[in-house]
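1. Generate a structure from the sequence data that follows.
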Amino acid sequence: MTDFAQPERVRPAALLPGDTIGIIAPAGAIERDALEAGCAWLMRKGLQPFYLPSILDRDLYFAGSTRRRLEEFHEMFSRPEVKAILCARGGYGCSYLLPDIDLSLVRAHPKIFCGCSDVTTLLTYLCDRAGMATFHGPMLNVDVRPDGIDEESWSAAFLSGESYRREFSHDEVQTLVPGTAGGMLYGGCLSILCASLGTPYEIDTRGTILFLEDLAEPGYRIDRMLMQLKLAGKLTGVRGLIFGEMLNCARHVQDYTLQQVVLRIVGDLGVPVAYGLKSGHVSRAAFTLPFGVQAHVACAEAVSLSFEASVRSEATPVTSHAS
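-> Below is the predicted model of the structure:
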């Protein structure tokens with residue numbers, strides 16, 4: 001297995017049978033039926049879902065007011081019985097929480113925190129500022145459906161407490177630029193990452209294997225956002241790039257491919273580039289990626305991705321992030 005030499009971040013405790021999972025809606029409004037279906041799925045896995053009644057509140061397109069969503073976020077971190085926090089959906093609204101998040105509370109109670117799409121804002125912020133491993137993975141109101149979750153990576157990320165490796169066939173993940181690289185796994189939804197630029201919450205991509213994905217963006221917008229990252233220096237120092245499925249982005253493409261668009265901007269970086277990993281906005285089997293942990297990617301005829309343990313057993317002490 002790869003030698004992961006970088007300092008460890010704070011890793012939350014692995015889930016155990018019967019653990020309580022806190023459900024939050026930090027962004028868009030959610031539907032009761034989808035929430036209940038997601039909770040039923042958790043119970044079938046031997047876990048106990050918990051949510052506040054206010055989770056179904058609405059304020060325009062948000063799941064209630066900023067204050068409600070922030071208090072829900074803080075309460076789930078402060079409740080000792082809650083062992084993991086799963087976001088119900090993305091949409092829009094996580095950026096409203098950033099100025100008032102109590103990082104000392106988060107650091108004092110590190111927990112599994114999982115989501116994608118607009119939740120990229122919180123994943124990268126907690127990874128950067130709280131020194132905590134976070135999880136780019138399925139969301140309760142969206143991905144709990146037949147074949148909606150990649151069970152193997154979900155279990156590896158949340159349950160095993162061990163390093164993990166997956167090899168993907170060419171049909172699953174393509175090599176765009178061959179090579180190998182090691183670095184901290186990081187990233188998320190491309191448009192959300194770009195939205196951080198120029199703010200106090202700007203992403204830090206140095207030394208990372210950067211994962212990028214998005215939904216239903218035309219080729220020229222993908223081009224524009226990648227160029228924005230490049231011109232902002234956010235692709236300098238990146239050690240490898242992994243693109244997601246880019247669901248419904250290619251439908252806007254006519255006489256060229258999205259892969260050509262990608263290579264036009266990142267092909268000269270001198271780092272390995274893979275394309276097609278299903279995490280985030282996906283057609284099926286959403287893969288769970290731990291951000292903030294050391295990983296290794298090898299791009300050849302097949303693509304392999306390995307990452308260190310992202311959770312710790314209860315017997316393993318919490319490791320403080322070296323800042």
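2. quick one: pLDDT of the residue nearest in space to the middle of the chain?
-> In the chain, the residue lying closest to the centroid (CA atoms, centre = their mean) is residue 136, at 1.8 Å. Looking at residue 136, its pLDDT is 98.
3. if I look at the nearest residue to it once chain neighbours are set aside, how far off is residue 182?
-> In this structure, residue 136 finds its nearest non-sequential neighbour in residue 289, 4.4 Å apart by CB to CB, 6 or more residues apart in numbering. C-beta coordinates here come from the backbone N, C-alpha and C atoms, glycine included. Residue 289 is 15 Å from residue 182, where distance means CB to CB, to the nearest Å.
4. the more surrounded of the two?
-> Between residue 289 and residue 182, counted using other CB atoms under 10 Å, the more crowded position is residue 289 (30 against 19).
5. Would you confirm that that one contacts residue 138?
-> No - the criterion here is CB atoms under 8 Å, and residue 289 misses it with residue 138 at 11.0 Å.
6. quick revisit: isn't the residue nearest to the centre of the chain up against residue 292?
-> No - using CB under 8 Å, residue 136 is not in contact with residue 292, being 10.4 Å away.
7. For the residue nearest to residue 297 when sequence neighbours are not counted, which residues are in contact?
-> Spatially, and ignoring its direct neighbours in sequence, residue 297 is nearest to residue 240 (4.8 Å; CB to CB, 6+ apart). Contact partners of residue 240, counting by CB atoms under 8 Å, 6 or more residues apart in numbering, are 179, 181, 183, 209-210, 271-274, 297, 299.
8. likewise residue 103?
-> Residues near residue 103 by CB under 8 Å, 6+ apart: 129-130.
9. ok, now how distant is it from residue 123?
-> Residue 103 sits 14 Å away from residue 123, taking CB to CB as the criterion.
10. ditto for residue 311
-> From residue 311 to residue 123 the distance is 15 Å (CB to CB).
11. Those two: which has the busier surroundings?
-> A direct count of neighbours by other CB under 10 Å for residue 311 and residue 123 places residue 123 higher, at 29 against 24.
12. what secondary structure does that one sit in?
-> With DSSP: H, G, I helix; E, B strand; the rest coil as the basis, residue 123 sits in helix.
13. do the same with residue 80
-> coil.
14. In this protein, where is pLDDT below threshold?
-> Residues of the chain that meet the criterion pLDDT under 70 lie in 1-8, 252, 314-323.
15. Let's see that with 90 instead.
-> 1-9, 141-148, 160-161, 250-256, 313-323 (pLDDT under 90).
16. Break it into its domains for me.
-> 20-146, 164-307 (automatic domain parsing).
17. closest to residue 158 out of these?
-> Relative to residue 158, the nearest member of the domains of the chain by CB to CB is domain 20-146, separated by 5.9 Å.
18. Show the end-to-end separation of that closest one, please.
-> Start and end residues of domain 20-146 are separated by 23 Å (CA to CA, to the nearest Å).
19. likewise stretch 290-300?
-> 23 Å.
20. how about it: buried residues?
-> For stretch 290-300, burial by neighbour count (16 or more other CB atoms under 10 Å) applies to 290-299.
21. No further queries at this time; thank you.
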